[in-house]
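K.L.:
my questions concern the predicted model and sequence given below.
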Amino acid sequence: IEQRNKSDFMYEVKDIPKIPSRKPDTHKGDYGRVFVLAGSSGMTGAACMCSTAALRAGAGIVTLGIPESLHDIVASKLTCVMTHPLPETHVKTLSELGRQDIIDFSHRFDVVAIGPGLSQYLETKRLVLWLLQSLDCPIVLDADGINALADNPKILDQIKKQIVLTPHPGEMAHLLGISTQEVQSKRLEISKMFVKGRKNVTLVLKGHKTIVMNEEKFYINETGNPGMATAGAGDVLTGMIAAFLGQQYAPFDAAQLGVYLHGLAGDIAAREKGEISLIATDILDNLHKAFLAYKENTCT
């Protein structure tokens, strides 16, 4: 590990945590329970990919909370993911009427992932902000969850539990009230500024050479390729990071391992499909190969 200055360490590939072999005497509850809040009309794919990715990344149990009228759609797509229909708005997004249901149900889980395909409908954004302050377990916040936080960024400082944010540059710009160009021109500096003084926050600033950072250390990812600039790729990553948190990896480790293996799966997919034709489900379909390759290369 290279020391740059006080409380500022750059982690490298060799510092990515190893994935332990599973012990024979275990059950699904030993590998984490993940609750995903995602989806809206026209965005069920994001919810399904995020949930399936969590399973592919080793989670023992994954349940998708979805607007009730979309329940049959996702239930027909998902076989191994359980589903939980929730109250919805008139535009088929999650409603504030589901507040208590979500809180009560979340007590069964180790981590909650919020955001993929939720929409930016005002009532749904209010629900997200309320949940960020009310949930009693670690959170992975992505996509429209981050867009909701941009309405009131100060809420981030009121969240007591560990939270991993996974913005792309546009979402990061929205969150900070600056331009995407500024984010891209000063990715490392802006990331450091964002996590400073926020001990419970881990940032994953996506893009070419994705940055993983908390207040003490950072990592710049080298896996991945331009073919992964495709709709849904981030939803897969969100599910993966949530799965690792559910398996009791520390937030930084979960994020670091997630972005590395996500990029590796994308690289494997690109070798078969090419970058132009690569789509998010190709990343999902190659996660098992990424895990196998990583475990093989890290065995001692």
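P.N.:
Happy to help now that I have it.

K.L.:
is it correct that residue 203 falls within a helix?
P.N.:
No. Using DSSP: H, G, I helix; E, B strand; the rest coil, the assignment for residue 203 is strand, not a helix.

K.L.:
which intervals of the chain have sub-threshold pLDDT?
P.N.:
1-8, 299-300 (pLDDT under 70).

K.L.:
which stretches in it count as strands?
P.N.:
Secondary structure of the chain (DSSP state E): strands at 2-5, 8-11, 33-37, 61-67, 82-86, 111-114, 139-141, 163-165, 201-205, 211-213, 217-220.

K.L.:
tilt between the third one and strand 82-86?
P.N.:
Which is strand 33-37. Orientation check (axes from the mean of the first three to the mean of the last three Cα atoms, to 10 degrees): strand 33-37 against strand 82-86 gives 40 degrees.

K.L.:
please apply the same query to the fourth one.
P.N.:
Taking the same axes, to 10 degrees, strand 61-67 and strand 82-86 form an angle of 30 degrees between their directions.

K.L.:
what about residue 295, how many neighbours?
P.N.:
13 (other Cβ atoms under 10 Å). Any C-beta I mention is one placed from the backbone N, CA and C, and that applies to glycine too.

K.L.:
does it touch residue 19 like I think?
P.N.:
Yes. Residue 295 lies in contact with residue 19 (Cβ atoms under 8 Å); the separation is 5.7 Å.

K.L.:
now, of the strands of the chain, which is deepest in the fold?
P.N.:
Of all the strands of the chain, strand 111-114 has the most neighbours on average by mean count of other Cβ atoms under 10 Å, namely a mean of 31.

K.L.:
how far is that one from where the chain is centred?
P.N.:
8 Å (Cα atoms, centre = their mean, to the nearest Å).

K.L.:
ok, and what's touching it?
P.N.:
32-38, 50, 54, 106, 128, 131-132, 135, 137-142, 145, 238-239, 241-242, 245-246 (Cβ atoms under 8 Å, 6 or more residues apart in numbering).

K.L.:
in CSV, list the strands of the chain along with distance to residue 24.
P.N.:
Shown next, in CSV, are these (distance: least, Cβ to Cβ, whole Å):
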stretch, distance to residue 24
strand 2-5, 39
strand 8-11, 32
strand 33-37, 21
strand 61-67, 20
strand 82-86, 25
strand 111-114, 25
strand 139-141, 30
strand 163-165, 31
strand 201-205, 32
strand 211-213, 33
strand 217-220, 33
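
K.L.:
in the longest helix belonging to the chain, which residues are buried?
P.N.:
For the chain, the helix with the greatest residue count under DSSP state H is helix 251-273. Residues of helix 251-273 classed as buried: 251-270, 273 (neighbour count, 16 or more other Cβ atoms under 10 Å).

K.L.:
from what I see, residue 170 and residue 179 are in contact.
P.N.:
No. Counting by Cβ under 8 Å, residue 170 does not reach residue 179; the two are 9.7 Å apart.

K.L.:
related to what we said a few turns ago, name the helices or strands packed onto the longest helix of the chain?
P.N.:
For helix 251-273, the packing partners by 3 or more Cβ pairs under 8 Å, 6 or more residues apart in numbering; DSSP states H and E come out as strand 163-165, strand 201-205, strand 211-213, strand 217-220, helix 233-246, helix 280-285, helix 287-298.

K.L.:
tell me the gap between it and the middle of its chain.
P.N.:
On Cα atoms, centre = their mean, the centre of helix 251-273 falls 13 Å from that of its chain.

K.L.:
may I have that helix as PDB, with CA atoms only?
P.N.:
Below are the C-alpha coordinates for helix 251-273, written out as PDB (Å, rounded to 0.1, in the frame of the first residue of the first chain):
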ATOM      1  CA  PRO A 251     -18.100  -1.200   2.800                       C
ATOM      2  CA  PHE A 252     -14.800  -0.300   1.100                       C
ATOM      3  CA  ASP A 253     -13.900  -3.900   0.500                       C
ATOM      4  CA  ALA A 254     -17.400  -4.600  -0.800                       C
ATOM      5  CA  ALA A 255     -17.200  -1.700  -3.200                       C
ATOM      6  CA  GLN A 256     -13.600  -2.500  -4.300                       C
ATOM      7  CA  LEU A 257     -14.300  -6.100  -4.900                       C
ATOM      8  CA  GLY A 258     -17.500  -5.200  -6.700                       C
ATOM      9  CA  VAL A 259     -16.000  -2.800  -9.200                       C
ATOM     10  CA  TYR A 260     -13.100  -5.100  -9.900                       C
ATOM     11  CA  LEU A 261     -15.200  -8.200 -10.600                       C
ATOM     12  CA  HIS A 262     -17.800  -6.200 -12.500                       C
ATOM     13  CA  GLY A 263     -15.200  -4.800 -14.800                       C
ATOM     14  CA  LEU A 264     -13.600  -8.300 -15.200                       C
ATOM     15  CA  ALA A 265     -16.900  -9.800 -16.200                       C
ATOM     16  CA  GLY A 266     -17.300  -7.000 -18.700                       C
ATOM     17  CA  ASP A 267     -13.800  -7.700 -20.100                       C
ATOM     18  CA  ILE A 268     -14.600 -11.400 -20.400                       C
ATOM     19  CA  ALA A 269     -17.900 -10.500 -22.200                       C
ATOM     20  CA  ALA A 270     -16.200  -8.100 -24.600                       C
ATOM     21  CA  ARG A 271     -13.800 -10.900 -25.700                       C
ATOM     22  CA  GLU A 272     -16.800 -12.900 -26.900                       C
ATOM     23  CA  LYS A 273     -19.300 -10.200 -27.900                       C
END
